[in-house]
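>>> What shape does this take:
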Amino acid sequence: MELLKRPRRLRANEVIRRMVKETSISVDDLIYPMFVVPGENIKEEIDAMPGVYRYSVDNLVKEVKEVYDLRIPAVLLFGIPSNKDELGSEAYDDDGIIQKAVKSIKESIPQMIVITDVCMCEYTSHGHCGIVRDGYVQNDETVSYIAKIALSHVKAGADIVAPSDMMDGRVKAIRDVLDKNGYVNTPIISYSAKYASSFYGPFREAANSAPQFGDRKSYQMDPANSNEALREISLDIEEGADIIMVKPALPYLDIIRRAKDTFNIPIAAYNVSGEYSMIKAASHMGYIDEKSTVLESLTGIKRAGADIIITYFAKDVAKWLTIL
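This is a model prediction of the structure:
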């Protein structure tokens with residue numbers, strides 16, 4: 001058999017494969033999400049997310065130091081307050097759990113980029129991402145609270161804020177309040193295409209943030225929609241978003257690709273809790289190899305067009321990359 005074209009020539013050995021590799025994962029691509037709780041000397045593993053923990057501020061700082069030593073450039077913080085109420089008041093309390101955590105991290109590891117999730121679901125007694133009136137999450141009233149939360153985080157020292165509530169107009173409200181208070185250089189990572197996904201289940205256990213009635217489909221996106229995602233992203237860019245996010249990542253690689261092809265802006269993808277827990281469970285049962293599956297998954301996210309990957313595997317990946 002005479003063949004003129006033999007693509008296998010470039011797969012012949014590991015060195016050649018490395019030379020022609022089109023997509024590579026770097027530690028610089030990674031953001032590590034973390035959970036912080038009130039108290040002292042707390043490090044409690046989350047049942048649905050083996051290897052992921054809730055930390056009190058003192059232990060959080062120790063863990064962030066390890067993250068920094070692995071050269072992971074940023075952490076994304078989620079807070080679980082001591083008390084919840086209908087207005088999520090601890091979310092914007094200057095002495096709240098996230099505000100304390102940010103101050104402590106920046107005092108101990110000032111070079112670490114600290115990103116804060118800006119939302120209300122962890123802080124409200126009803127578990128929704130905003131102010132509820134007559135069983136419905138109020139958009140404009142919620143936006144004013146979201147802006148207040150973002151400002152309190154930045155005053156505490158947050159380097160970047162990441163609104164995840166999916167209210168209309170919240171990016172503009174945050175940009176306006178930050179600029180008016182002198183924080184014109186603080187970037188916004190907007191959860192622009194955040195879908196009403198079943199893959200958030202383990203996170204809701206971790207953050208105790210499941211809605212107490214109904215669901216979040218009136219504000220998070222319908223998984224069936226793609227064009228709508230581009231409209232949402234376009235609006236957030238117009239309002240001042242510096243980085244846009246697609247969440248979850250693996251079921252929405254097409255959205256990442258469309259966003260990359262359409263918009264000249266950095267794109268983050270959130271490799272969410274359900275994606276993490278599925279790999280952990282399958283690996284525990286011996287059905288898959290964890291390391292190779294994680295690296296293949298993240299490579300797929302990067303290949304789809306993500307510039308930044310938020311993943312609970314970040315520490316593991318950073319360690320694996322140093323020995324590859």
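>>> Grab the longest helix from this structure for me.
In the chain, with assignment by DSSP state H, the single longest helix is helix 139-156.
>>> Quick check: next helix or strand after that helix?
strand 160-163 (DSSP states H and E).
>>> how far out from the middle of the chain is the following helix or strand past that following strand?
Beyond strand 160-163 in the direction of the C-terminus, DSSP H and E gives the next helix or strand as helix 170-180. Remark: helix 170-180 is offset 20 Å from the chain centroid, using Cα atoms, centre = their mean, to the nearest Å.
>>> outside of helix 170-180, which residues touch it?
118, 142-144, 146-148, 150-151, 154, 161, 163, 184, 186, 188, 190, 235-236, 239-241 (Cβ atoms under 8 Å, 6 or more residues apart in numbering). All C-beta spots, glycine's among them, are computed from the backbone N, C-alpha and C.
>>> how about the CA coordinates for the longest helix of the chain, as PDB?
The C-alpha trace of helix 139-156 is given here as PDB (Å, rounded to 0.1, in the frame of the first residue of the first chain):
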ATOM      1  CA  ASN A 139     -34.000  42.100  39.800                       C
ATOM      2  CA  ASP A 140     -33.400  45.800  40.300                       C
ATOM      3  CA  GLU A 141     -33.600  45.700  44.100                       C
ATOM      4  CA  THR A 142     -31.100  42.800  44.100                       C
ATOM      5  CA  VAL A 143     -28.700  44.600  41.800                       C
ATOM      6  CA  SER A 144     -28.300  47.400  44.400                       C
ATOM      7  CA  TYR A 145     -27.400  44.800  47.000                       C
ATOM      8  CA  ILE A 146     -25.000  43.100  44.600                       C
ATOM      9  CA  ALA A 147     -23.200  46.300  44.000                       C
ATOM     10  CA  LYS A 148     -23.000  46.900  47.800                       C
ATOM     11  CA  ILE A 149     -21.500  43.400  48.300                       C
ATOM     12  CA  ALA A 150     -18.900  44.000  45.600                       C
ATOM     13  CA  LEU A 151     -17.800  47.300  47.100                       C
ATOM     14  CA  SER A 152     -17.400  45.800  50.600                       C
ATOM     15  CA  HIS A 153     -15.200  43.000  49.100                       C
ATOM     16  CA  VAL A 154     -13.000  45.500  47.300                       C
ATOM     17  CA  LYS A 155     -12.700  47.700  50.400                       C
ATOM     18  CA  ALA A 156     -11.500  44.600  52.200                       C
END
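>>> what about the helices in the protein?
14-19, 57-69, 97-108, 139-156, 170-180, 201-207, 227-239, 253-262, 273-284, 290-304, 314-323.
>>> Out of these, which gets nearest to Met34?
Closest to Met34 of the helices of the chain is helix 57-69 (Cβ to Cβ; 6.5 Å).
>>> in that closest one, what's buried?
For helix 57-69, the neighbour count (16 or more other Cβ atoms under 10 Å) marks 57, 59-61, 63-64, 67-68 as buried.
>>> what angle sits between that helix and helix 314-323?
30 degrees (axes from the mean of the first three to the mean of the last three Cα atoms, to 10 degrees).
>>> Pull out the buried positions in stretch 74-93.
Quick answer for stretch 74-93 (16+ other Cβ under 10 Å): 74-81, 84, 87-93.
>>> Let me know the closest of these to Ala101.
Using Cβ to Cβ, the buried residues of stretch 74-93 come closest to Ala101 at Leu77, 5.8 Å.
>>> Now do the contacts for the closest one.
33-36, 98, 101-102, 114-117.
>>> Asn208 versus the nearest residue to it once chain neighbours are set aside, what's the distance?
Excluding the flanking residues, the one nearest Leu77 by Cβ to Cβ, 6 or more residues apart in numbering is Thr116, at 5.2 Å. As for Thr116, its distance to Asn208 is 18 Å (criterion: Cβ to Cβ, to the nearest Å).
>>> number of nearby residues for the residue nearest to Arg133 when sequence neighbours are not counted?
Using Cβ to Cβ, 6+ apart and skipping the chain neighbours, the partner closest in space to Arg133 is Glu141 (7.7 Å). As a burial measure, Glu141 scores 14 neighbours (other Cβ atoms under 10 Å).
>>> Next: Cys121.
For Cys121, using other Cβ under 10 Å, the count is 24.
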